[in-house]
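1. Take this sequence and fold it.
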Amino acid sequence: MIEINICHLYPDLLNLYGDRGNVITLVKRAQWRGITVNVSHVSLGESFDSEKYDIVFLGGGQDYEQEIIQDDVLKSKGNEIKNAIQNHKVFLCICGGYQLLGKYYKTWDGKEIEFLGALDLWTIGGKERMIGNIVFECDFLKSESSDGRIVGFENHSGRTYLGPSVKPLGKVVKGYGNNGEDFGEGAIYNNVFCSYSHGSLLPKNPSLADHILTVALKQKYSDFASLEPLNDDFENIAHSTMIKRVMG
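-> Next comes the predicted model:
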């Protein structure tokens, strides 16, 4: 029996714009293939043992929620998160959860907030928000049947910049992405996948959902080859319709 264990970190605080839909998508796409899925919720003051999980999810939150969990992240769960990342545990992190993995967040008025430093990236706050639908291309998703395009919705005032050890998740085709300057969106480091895309991200991007599941299952089972195909007609219609709408 194939089994996958998912940890949703701070689900009561980091769930901006329905980000938990990403967890629901991973669960359903695994279950439709006969894979057993267990989801655990871990929040403030609760122990986090990364060895129990195959995928860890961090959703988005505003500055207020980030400040609430900052102490718990840095002093309680931080070392475990950093060790898990270095050991190639699979993470999916959205917006505020993405920023938290970086070194710091500097507000527009100069206040610097220390973050986890698990990834070589940092965020600078701006007075104006970057809001709207976004389309970006992921090279690792390109195939004969796919152009690798991902569609989502972004709403953030922070401008994130990546250090040399971190690569962007994709290249912006339409929208702002990490900072509105370098055409990068999100980040990849080891098996960590980060994005500013809400909406939520995975339901209308099944190829990315399946890629994350595949990476996690290959990490867990040495003989795992690939996921069985699903009938994704409905999901692909949603995906292509949104891209056409965004691209005009």
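2. Please make it C-alpha for all contacts and neighbour counts, starting now.
-> Fine.
3. now the helices: where do they sit in this protein?
-> 21-31, 63-72, 78-86, 96-100, 206-220, 233-247 (DSSP state H).
4. report the longest strand in this structure, please.
-> The longest strand of the chain (DSSP state E) is strand 121-137.
5. Provide the strand pairings for that one, with the direction of each partner.
-> Note on strand 121-137: by DSSP bridges, its sheet partners are strand 104-106 (parallel), strand 149-162 (antiparallel), strand 170-174 (antiparallel).
6. Determine how far the shortest one lies from the middle of the whole chain.
-> When you say that, I think you mean strand 104-106. Between the centre of strand 104-106 and the centre of its host chain there is 19 Å, according to C-alpha atoms, centre = their mean, to the nearest Å.
7. for the record, mean pLDDT for it?
-> The predicted model assigns strand 104-106 a mean pLDDT of 92.
8. outside of it, which residues touch it?
-> Q99, E112, I113, E114, F115, L116, G117, W122, T123, I124, G125, G158 (C-alpha atoms under 8 Å, 6 or more residues apart in numbering).
9. can I get the residues you listed in CSV with pLDDT?
-> Formatted as CSV, the contacts of strand 104-106 follow (pLDDT from 0 to 100):
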residue, pLDDT
Q99, 94
E112, 88
I113, 87
E114, 89
F115, 92
L116, 94
G117, 96
W122, 98
T123, 97
I124, 96
G125, 92
G158, 93
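10. Buried subset of those, written for ChimeraX?
-> Only the buried entries of the contacts of strand 104-106 go into this ChimeraX selection, using 16 or more other C-alpha atoms under 10 Å:
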select :99,114,115,116,117,122,123,124,125,158
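11. Now distance to P11 too, for the contacts of strand 104-106, in a markdown table please.
-> Listed next are these as a markdown table, based on distance: C-alpha to C-alpha, whole Å:
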| residue | distance to P11 |
| --- | --- |
| Q99 | 16 |
| E112 | 25 |
| I113 | 22 |
| E114 | 22 |
| F115 | 19 |
| L116 | 18 |
| G117 | 21 |
| W122 | 23 |
| T123 | 23 |
| I124 | 25 |
| G125 | 24 |
| G158 | 22 |
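12. from the contacts of strand 104-106, which single one is nearest L141?
-> Lowest distance from L141 to the contacts of strand 104-106 (C-alpha to C-alpha) belongs to Q99, with 23.7 Å.
13. Tell me how many other residues crowd K82.
-> Around K82 there are 17 other residues, counting by other C-alpha atoms under 10 Å.
14. for it, what are its contacts?
-> If you count contacts by C-alpha under 8 Å, 6+ apart, K82 has them with A118.
15. got it, and F91?
-> Neighbour list for F91: I55, V56, F57, L58, I85, N191, V192, F193, C194 [criterion: C-alpha under 8 Å, 6+ apart].
16. L141 now?
-> D147, G148, R149, S207, L208, H211.
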